[in-house]
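Participant: Structure of the sequence below:
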Amino acid sequence: MDIVYFDLETQRSANDVGGWGKKHEMGMSLGVTYSIKDHCYEIFSEDRAEQLVRRLQRADLVVGFNHVRFDYDVLMAYTILDLRENLVSLDLLQEVERIVGHRLKLEDIAQATLGVGKTADGLDAIRWWREGKVLEIAKYCCFDVKVTRLVHEYGATNKKIFFNDRFGRKQSFAVDWTL
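Facilitator: Model prediction:
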């Protein structure tokens, strides 16, 4: 089974394009995948967006964090496919929201579950894009893919993950993310 972990960063923010309803106008700066079958990361620039879509199509399962409602919307500007309909996906944010009843940040889950957090945020990646610091975006996006993979694998193995609630207390909840 080829599970592919996926994340992308954008060139523009929601404010830059006139709101969250225009994600397709944000533009992909970089997309990153990690394949458990191939044991490697692959980085896709905007001019390789079509290849990124084809890579995701070859996956048995695409796992990400908010990728179904965000990353796919950005990426669909580069394809005629409806990625939500054409890819088998596990969106960890959607799963968490369904179980816990509200959205959680990947940072809060990763810190509580793995003891490691994110290295930056999406607004940093947009600033780096404007500054031409593509390598910084690639490192950040690869690390987010790795954190997403490690959270997913932890949940699949241990049948639970943790998060820090708004009061800083460590909480847990059960998940069924069998590999």
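Participant: Do I have it right that V100 meets A174?
Facilitator: No: with contact defined as Cβ atoms under 8 Å, V100 does not count as touching A174 (10.7 Å). Quick note: C-beta positions are derived from backbone N, CA and C, even for glycine.
Participant: more crowded one of those two?
Facilitator: Legend: neighbour count by other Cβ atoms under 10 Å for V100 and A174, higher for V100 (13 against 10).
Participant: who's in contact with the lengthiest helix in the chain?
Facilitator: In the chain, with assignment by DSSP state H, the single longest helix is helix 134-158. Here helix 134-158 makes contact (Cβ atoms under 8 Å, 6 or more residues apart in numbering) with 5-9, 29-34, 36, 41, 43, 45, 63-65, 90, 92, 106, 109-110, 113-114, 116, 118-120, 124-125, 128-129, 161, 175, 177-179.
Participant: Touching stretch 166-179 from outside, list them.
Facilitator: Outside stretch 166-179, the residues touching it (Cβ under 8 Å, 6+ apart) are 1, 3, 90, 95-96, 99-100, 112, 152-153, 155-157, 159-165.
Participant: List every C-alpha atom in it, with coordinates, as PDB.
Facilitator: C-alpha atoms of stretch 166-179 as PDB (Å, rounded to 0.1, in the frame of the first residue of the first chain):
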ATOM      1  CA  ARG A 166      -6.600  25.900  25.500                       C
ATOM      2  CA  PHE A 167      -5.600  25.800  29.200                       C
ATOM      3  CA  GLY A 168      -2.400  23.900  28.400                       C
ATOM      4  CA  ARG A 169      -3.600  20.600  29.700                       C
ATOM      5  CA  LYS A 170      -2.700  17.500  27.900                       C
ATOM      6  CA  GLN A 171      -5.800  15.600  26.600                       C
ATOM      7  CA  SER A 172      -6.100  12.400  24.500                       C
ATOM      8  CA  PHE A 173      -8.700  10.900  22.300                       C
ATOM      9  CA  ALA A 174      -9.100   7.600  20.500                       C
ATOM     10  CA  VAL A 175      -8.500   7.300  16.700                       C
ATOM     11  CA  ASP A 176      -8.800   4.400  14.200                       C
ATOM     12  CA  TRP A 177      -6.200   5.100  11.600                       C
ATOM     13  CA  THR A 178      -5.100   1.600  10.900                       C
ATOM     14  CA  LEU A 179      -2.200   1.400   8.400                       C
END
